[in-house]
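Colleague: Could you look at this predicted model? Sequence included:
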Amino acid sequence: PARLGSLDAYRGFAMFLMMATYGMGAGEVRCLKLDDVDWAARTIRVHRPKTGTETVLPLLDPVARALANYLRDRRPAHSQGREVFVSHHLPHAKLSGSSAIGHRLAKYAALAGVHADFLGTHVFRHTHATRQIESGATAKIVGDILGHRRPESTSAYVRSAMRGLRTIALPVPR
């Protein structure tokens, strides 16, 4: 974020790192409250608005550093809300919608020279889940982390991981 030098870069880095690390959706990041981060217990509580579930995850060091940098040095001091990520324009309220995060993703992708047919914030969630499955996590564990209530919701990520594995699988001898 320091290379970009803006207040927005620190916020964006922390948001996107959380999305990639935990498979959080834009709405989950947007609604994250200061009280959801327990620095002493090193946990983060994620509220899943789509399912109404709550997941407590470990606050991993890279995420803790990114959050601390943003909160300590870049989050507007006069913000009245309890949301972690707020607008840098008065009245420093909660970000206006999930599309606000999507616009930031498009901005940073363009700056990095990334061009894709589709580049939305859900890509972080999908990639996180697929990589977890590929690394050997069970669909149940991945579903629990993502806040899925039904196993069928996680099956899309299992199918995606299987397609990727087929491309590198050796042929079966006859």
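Modeller: Cool, the structure landed.
Colleague: any idea which element the residue positioned nearest the centre of the chain lies in?
Modeller: With distances taken as C-alpha atoms, centre = their mean, residue 19 lies nearest the centre of the chain, 0.9 Å away. Assigned by DSSP states H and E, residue 19 belongs to helix 7-22.
Colleague: And that helix, what's buried?
Modeller: 9-22 (16 or more other C-beta atoms under 10 Å). C-beta here means a position set from N, CA and C on the backbone, and glycine is covered the same way.
Colleague: ok, residues contacting it?
Modeller: Residues outside helix 7-22 that contact it (C-beta atoms under 8 Å, 6 or more residues apart in numbering): 1-3, 24-26, 29, 32, 44, 46, 57, 60, 62-63, 66-67, 69-70, 73-75, 85, 88, 101, 104-105, 108, 121, 124-125, 127-128, 145.
Colleague: Just the buried subset of the residues you listed, please.
Modeller: 1, 24-26, 29, 32, 44, 46, 57, 63, 66-67, 69-70, 74-75, 85, 101, 104-105, 108, 121, 124-125, 128, 145.
Colleague: Figure out the length between the terminal residues of stretch 68-86.
Modeller: Taking C-alpha to C-alpha, to the nearest Å, stretch 68-86 runs 15 Å from one end to the other.
Colleague: Now it: average pLDDT?
Modeller: The average pLDDT within stretch 68-86 is 89.
Colleague: In CSV, list the buried residues of helix 7-22 along with distance to residue 132 and pLDDT.
Modeller: Converted to CSV, the buried residues of helix 7-22 look like this (distance: C-beta to C-beta, whole Å; pLDDT from 0 to 100):
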residue, distance to residue 132, pLDDT
9, 28, 83
10, 27, 88
11, 26, 90
12, 24, 89
13, 22, 92
14, 21, 94
15, 20, 93
16, 18, 92
17, 16, 94
18, 15, 94
19, 14, 91
20, 12, 91
21, 11, 92
22, 11, 91
